[in-house]
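Student: Sequence plus predicted model, see below.
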Amino acid sequence: MEFREEGEGEPVSPTGQYFNSSILSVAILAVLEFEVPINDSQTLSLLQDVFLPINPRFSSIMVRDNPDQKKQWKRVEVKLEDHVHVPIFPSKMSQESYDEYFDDYISNIAAEKLPQNRPLWEIHILKYPTSHAAGTLIFKLHHALGDGYSLMGALLSCLQTAQNPSVPLTFPSLKSSSGPKTTHMTKTVSQFFSSVFQTVSDFSWSILKSNFVEDDRTPIRSGEDGVEFRPITLSTLTFSIDEIKLIKNKLGV
């Protein structure tokens with residue numbers, strides 16, 4: 001599912017309908033941490049002038065005119081005050097205490113369904129200093145709006161470089177290989193067949209796991225019935241770029 005400019009009455013894709021039904025509602029949480037306190041007026045201006053124009057779906061709701069029709073995206077007027085939440089925590093607490101409040105807060109909003117009568121996103125502004133940031137912005141975006149890659153790309157397109165705000169945010173690009181062309185072609189062909197093999201292997205294994213083989217019980221998977229209805233808690237692990245590169249090299253991906 002890709003972002004693109006579309007007009008009024010765009011049909012909701014089968015994937016979008018699957019992610020937003022009476023029995024399933026999947027959202028993506030994106031956390032932005034700031035070194036300085038968050039300014040409310042700048043946040044609202046960013047939403048109005050930068051975030052909303054990125055794609056019509058951020059200003060649309062799912063509708064169905066009658067039971068026989070498929071769901072469509074319908075443009076509506078966005079009231080930012082309905083989408084922006086500023087929680088109130090006790091004042092003058094330690095950063096460690098605010099860490100606990102933050103963990104509990106994000107766990108609670110992760111389990112809540114987004115209202116269907118307004119666009120499927122919301123923002124939470126946490127103005128309390130944690131051990132990681134002076135202020136925290138939480139984007140909650142419904143998965144029906146797009147896949148994780150598209151949504152993260154949309155959020156990153158709202159950001160600017162600190163050295164020169166007029167320049168959009170960029171990341172270092174991969175350097176092209178300077179080796180012989182034949183070596184490059186051989187590597188490309190090898191990677192292609194490896195990718196095909198891994199895809200077939202993963203698909204076959206997923207079929208076996210979903211129909212015949214049961215996962216082992218672990219601290220993450222209890223295996224008990226009704227576990228999906230129990231309260232959840234989000235945990236965070238931080239990896240440096242060097243550690244991610246090490247994991248990448250170890251896995252050969």
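Tutor: Ah, there it is. Here the structure is a predicted model, which is why all the values come from computation and not from measurement.

Student: For the rest of this, base every contact and every neighbour count on C-alpha atoms.
Tutor: OK.

Student: which SS state does residue 131 fall under?
Tutor: coil (DSSP: H, G, I helix; E, B strand; the rest coil).

Student: Run a quick check on it versus residue 99, I expect a contact.
Tutor: Yes - using CA atoms under 8 Å, residue 131 is in contact with residue 99, at 6.8 Å.

Student: So for the two, which residue has more residues nearby?
Tutor: Comparing residue 131 with residue 99 by other CA atoms under 10 Å, the one with more neighbours is residue 99, at 16 against 11.

Student: pLDDT at the more buried one, what is it?
Tutor: pLDDT, residue 99: 93.

Student: Quick one: neighbours of residue 121, just the number.
Tutor: Neighbourhood size, residue 121 [other CA under 10 Å]: 22.

Student: Name all residues that make contact with it.
Tutor: 58, 83, 114, 139-142 (CA atoms under 8 Å, 6 or more residues apart in numbering).

Student: Which ChimeraX command selects the buried ones in those?
Tutor: Buried residues among those (16 or more other CA atoms under 10 Å), as a ChimeraX selection:
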select :58,114,139,140,141,142
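
Student: For this protein, which element, helix or strand, carries the lowest mean pLDDT?
Tutor: helix 181-211 (a mean of 77; mean pLDDT, DSSP states H and E).

Student: Mind giving me the packing neighbours of that one?
Tutor: Packing partners of helix 181-211 (3 or more CA pairs under 8 Å, 6 or more residues apart in numbering; DSSP states H and E): none among the helices and strands.

Student: Buried residues in it, which are they?
Tutor: When burial is assessed from 16+ other CA under 10 Å, helix 181-211 yields no buried residues.

Student: same deal with stretch 19-28?
Tutor: 19-20, 25-28.

Student: What about residue 213, how many residues nearby?
Tutor: Using other CA under 10 Å, residue 213 has 11 other residues around it.

Student: so where's this structure shaky on pLDDT?
Tutor: 1-9, 67, 171-184 (pLDDT under 70).

Student: domains for it, by residue range?
Tutor: In terms of domains, the chain is parsed into 10-156, 181-216 (source: automatic domain parsing).

Student: ok, so what distance separates residue 221 from residue 230?
Tutor: Distance of residue 221 to residue 230, computed by CA to CA, to the nearest Å: 13 Å.

Student: correction: residue 170
Tutor: 41 Å.

Student: neighbour count winner among the two?
Tutor: More crowded of residue 170 and residue 230, by other CA under 10 Å: residue 170, with 11 against 8.

Student: Can you classify the more buried one by secondary structure?
Tutor: The local conformation at residue 170, judged by three-state DSSP, is coil.

Student: List the contacts of the residue lying closest to it once chain neighbours are set aside.
Tutor: Spatial nearest neighbour of residue 170, chain neighbours left out: residue 161 (8.0 Å); criterion: CA to CA, 6 or more residues apart in numbering. When contacts are counted by CA under 8 Å, 6+ apart, residue 161 touches 167-170.
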